[in-house]
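Peer 1: quick one: sequence plus predicted model below, questions after.
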Amino acid sequence: MSTSKTTIAMTSVLVIALGACVYFLKLAFSESLTIKPGETIKVAVLVPDLLKDKALTSLGRVNYYYYSAGDGPKPPRNSINITLNKETDRNEIEQKVRDYFKNKDLDKEHLNINFGIPDENSVEISLVYYE
């Protein structure tokens, strides 16, 4: 390989590595982020395995994950927002979610479950997990 091609290749690798470092630093210092399921790198880096578990993601369509680093007295917060079929029994889902977190040795102090009705065909569940 000629010297100019080698220089171009090395420069390209350095630019890509620098870009990746800047991206990860930006993620690391973000106070809060809303993350869509398709944003693979953000999901892998910022969403706890607890919220990516099939036991939760299989409940319905995952709309987004939310990540907050916490600030001062506010604890770090992670949540998942899922749209369920309207026929889904809320009490059954809530019990499944509570059992899931209980099996992971987390108590009610670390979990907040909110249900909403965004439209006539779905029920939205927001699970907020405080670390």
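Peer 2: That came through fine. Keep in mind it's a predicted model, so treat the numbers as computed, not measured. Numbers count the residues shown, from 1 in each chain.
Peer 1: got the domain boundaries for the chain?
Peer 2: Split into domains by automatic domain parsing, the chain comes to 1-30, 31-130.
Peer 1: I'd like the ones you listed as CSV, with mean pLDDT appended.
Peer 2: As requested, the domains of the chain are exported to CSV (pLDDT from 0 to 100):
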stretch, mean pLDDT
domain 1-30, 77
domain 31-130, 78
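Peer 1: out of those domains, which is the most enclosed?
Peer 2: domain 31-130 (a mean of 14; mean count of other CB atoms under 10 Å). The C-beta positions use only the backbone N, C-alpha and C, and glycine is treated the same way.
Peer 1: tell me which other helices or strands the helix ranked longest in the chain touches.
Peer 2: Counting residues, the longest helix in the chain under DSSP state H turns out to be helix 3-28. The contact analysis (3 or more CB pairs under 8 Å, 6 or more residues apart in numbering; DSSP states H and E) places helix 3-28 against helix 40-46.
Peer 1: what about 10 Å?
Peer 2: Contact partners of helix 3-28 among helices and strands, from 3 or more CB pairs under 10 Å, 6 or more residues apart in numbering; DSSP states H and E: strand 32-35, helix 40-46.
Peer 1: all set now, cheers.
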